[in-house]
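Chemist: what follows is a predicted protein model with its sequence.
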Amino acid sequence: MMIKKIFYSLFLLTGIFTINAQEKLEKAVELNEVAIIKTKKVIEQKADRTIFDFASQPSLNSGSVMEGIRKLPGLIASDVAGMMYQGKQLDVFMDGRPLNITTNELNSFLEGMPANAIEKIEIITQPGAEFPATSGGAIMNIITNVNAKKYLSATYTNSTNITNYDQVRYRTNNSLLLNAKNKYFGWQLNFGQSYNETALWNSVTKSENGLSSVLSATNASRFGRTNFVKSAINFDVGKDRLLLNYDLNYSNNNSNTIGNGPGFSTDDDSFTDALRQDFVITYQKKFEDKAKKLDVRFNYNKNQNEFELNSRVNNAALLDNASKQQLYNAKIDYAQPIDFSDEGKISFGALYEALLFEAQNMNVINLDYQRKTTAAYGELQSKFSKFNFIVGARAEDYNITGTTAIATLIPFKQFRFFPNASAQYNFSNSVYFNVNYNKKISLPSTSALNPNNTNYQNPNVEFAGNPNLQPTIFDNYEVKLSAFDYAFIGYNLSSAQNQVITRVLITNDVVLNTNINVPEIKIHNFNVGLPIPYMLFTKGLAETMKMNVNPDTMNFLYVYAGYQFHQIPEIETNGFWMFNFMSQIVLPKKIKFVANYNYTIPKGNYFYFIAEKPFRNTLDLTLSKKFFKDQVSVSLTVDDVLDSTRSIFSSVDTPLLLFNKNDTRRFGFSINYKIPTRNKLAKEDPSLLNKEKKEEGDTMLNQ
């Protein structure tokens, strides 16, 4: 009975958060009809996604994008097995478009991008038929920048950090956002840079017959330099709209690695150059009925990477690898309301995509890979009384071929059908129960296929892709009860055939890191999130219910707990618990103090790895304050206060123990300066950066 009262009280309190925010908005509109005020939420739960606000959270936006992502509750970002959210493998999008990079390339890309250039991150746990079937289990959509205004505006952001694990190292990020709009066209330009000095300690230990020996121990000093430009131009063509987007990201990284093991001692330099370019042209047809939409889009994406490993000892090149990837994508989306249902609509569309990938070793092409996809979809959304329904299907035809230096790849030529369905019962406007199902596919990333090593190696440690990887088929199921955006409880099951995983194998004391297909894996995930206002303990429930609660200015603790179990038929596995505690305390002078603690119970299986120690055990602290009528925001940050973040994994069916430690404890500050505008009450227009209509909801371009 007591537990029921506690849960009921917490749901009521989260309801007060929402009601108060709505009252605040209504009052602001009454005072001045021109003013448009939007209340941001730290975490927002929707039927098919969870939205994390980055722009207003100094605890997330003070470093790189990757550092912010690793703090999100329920998300695992691991070097050994990629990214997962609540048990689902993530396909990473940016501004509604797939990045088409994964694993090490993705980590480097996100580590080089400043988090202060991010507006928010959407985790789409149940992508419908409109999204590519190749999205796999779930989608992480990284949304950059803010809105364009009808006058010139500028925002400058900077974050600077140092680490002092064994010596002082510096990290700095800078970005500048410029935008303007008139009655003919609008433009937006966001550019910036990052410089990161980091350290990595790694060891591979073999334990067999009661004896242990270190096969490889390395100490790496790494230097990362990234420059990026994101640009957009928006033209009005009569009542229609034409959008042009061009993104450029260039990184130039190097490292020095000292290694030793049985029979060898190395001192190597590595150099990585990566250039990513993305061009999009979108034509949006406008109708009298604004719920009716027609978008036509063409996207060209090009990624080029070069990697060299040179030995200082022998004064010779050990590795000289390169790759080039080109992607062509054309799609059309149409949607219109339906008459027989409240808030109902029907949507359908088509897509054609071609990907060309070429890998070189010592200037010799050793992988030529082509992938062509043709797709069409249809989806119906309807509402009857307190029920919402979504039923859709997507058909995709694949033609995947290629050759290596010595053989022809196993072709994948198939036509696949991918249904999806969702049913939601609304207890009220803010409390609902949701059931989802979808079938998806995940095509092997080109970095997993690449037979060439793009990492450090020594005589006892090697990295190699697997050109013969086959696609993975997912069946995803989910049930979730959500209340007032912040409180939820849910369970999901992802059943995968031919799951692509990272595998570490050993032959004659040589350790190989590669990727393989596993015939069948099921991932079970249970998760719950609850906000707990501290005034509940000091004033009691009765007094708390009387308070005029504003979540932006109150003291509370947000608790997240998740249990994940990887079920692999051929081996005995254990599940693991993940916990996240985020506490906000408002100090005098409106100074915000945020503490974020992540912890994962050890001894659980993460695919074919067993966490011998917690691979998430981090305490982060942030102090922040706004000045000059909120034009300037300043924050002070200490990440990994206890310096307890490290990964120690054993590998199933091998005698290996893998150890990784980065200099993750950092001290720093960040500043965000919004240059004063001529008219603070000017109406805001949606962001010019091209976004899918499902990713941005009420901030779409086609309003």
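Modeler: Cool, got the structure.

Chemist: helix or strand next in line after the strand ranked longest in the chain, which one?
Modeler: Secondary structure of the chain per DSSP state E: the longest strand is strand 211-237. Using DSSP states H and E, the helix or strand that follows strand 211-237 in sequence is strand 240-261.

Chemist: can you give me how far that next one is from the chain middle?
Modeler: Once both centres are worked out by C-alpha atoms, centre = their mean, to the nearest Å, strand 240-261 turns out to sit 16 Å from its chain's centre.

Chemist: from now on call the first residue 527
Modeler: Done: numbering now begins at 527, and the last item shifts to strand 766-787.

Chemist: can you list the strands that the next helix or strand after that strand pairs with?
Modeler: Sequence order places strand 790-811 as the next helix or strand after strand 766-787, per DSSP H and E. Strand 790-811 has the following strand partners under DSSP bridges: strand 766-787 (antiparallel), strand 819-837 (antiparallel).

Chemist: quick one: buried residues of strand 790-811?
Modeler: Thr792, Asp794, Ser796, Thr798, Ala800, Arg802, Asp804, Val806, Thr808, Tyr809, Gln810 (16 or more other C-beta atoms under 10 Å). Just so you know, the C-beta spots here come from the backbone N, C-alpha and C atoms, and that holds for glycine as well.

Chemist: residues of the longest strand of the chain that come out buried?
Modeler: Buried, per 16+ other C-beta under 10 Å, within strand 737-763: 741-744, 746-748, 750, 752, 754, 756-758, 760.

Chemist: try stretch 1160-1180
Modeler: Applying 16+ other C-beta under 10 Å to stretch 1160-1180 flags 1161-1163, 1165-1166, 1169, 1171-1178, 1180 as buried.

Chemist: show me the helices in the protein, by range?
Modeler: Assigned helices in the chain, in chain order: 528-557, 584-587, 591-595, 629-637, 972-975, 1061-1064, 1066-1072, 1219-1222 (criterion: DSSP state H).

Chemist: least reliable of those helices going by mean pLDDT?
Modeler: When the helices of the chain are compared by mean pLDDT, helix 1219-1222 comes last with a mean of 36.

Chemist: and the closest residue to Leu893 other than its chain neighbours, how many neighbours?
Modeler: Among residues not flanking Leu893 along the chain, Ala885 sits closest, at 4.0 Å (C-beta to C-beta, 6 or more residues apart in numbering). Ala885 has 27 neighbours, counted by other C-beta atoms under 10 Å.

Chemist: these two touch, right, Ala885 and Phe833?
Modeler: No - contact criterion C-beta atoms under 8 Å: Ala885 and Phe833 do not qualify, at 10.7 Å.

Chemist: find residues that contact each of the two.
Modeler: Contact criterion C-beta atoms under 8 Å, 6 or more residues apart in numbering; residues shared by Ala885 and Phe833: Asn847, Ala848, Asn978.

Chemist: so which of these wins on neighbours?
Modeler: That'd be Asn847 among the shared contacts of Ala885 and Phe833, by other C-beta under 10 Å, with 21 neighbours.

Chemist: hang on, that one packs against Asn979?
Modeler: Yes - between Asn847 and Asn979 there is a contact under C-beta under 8 Å: 6.6 Å.

Chemist: common neighbours of these two, please.
Modeler: Taking C-beta under 8 Å, 6+ apart as the criterion, Asn847 and Asn979 both touch Phe833.

Chemist: for this structure, which helix or strand comes out least confident on mean pLDDT?
Modeler: helix 1219-1222 (a mean of 36; mean pLDDT, DSSP states H and E).

Chemist: low pLDDT regions in the stretch 977-1126 of the chain?
Modeler: 1010-1011, 1067, 1069-1078 (pLDDT under 70).

Chemist: do you know how far the most centrally placed residue in the chain is from Ser781?
Modeler: Relative to the mean C-alpha position of the chain, the nearest C-alpha, by C-alpha atoms, centre = their mean, is the one of Met666, at 4.2 Å. Met666 is 27 Å from Ser781, where distance means C-beta to C-beta, to the nearest Å.

Chemist: next one: Ile1097
Modeler: 35 Å.

Chemist: with Gln1090 instead?
Modeler: 32 Å.

Chemist: neighbour-wise, which of the two wins?
Modeler: When Gln1090 and Ser781 are compared for neighbours, Gln1090 comes out ahead with 22 against 19, by other C-beta under 10 Å.
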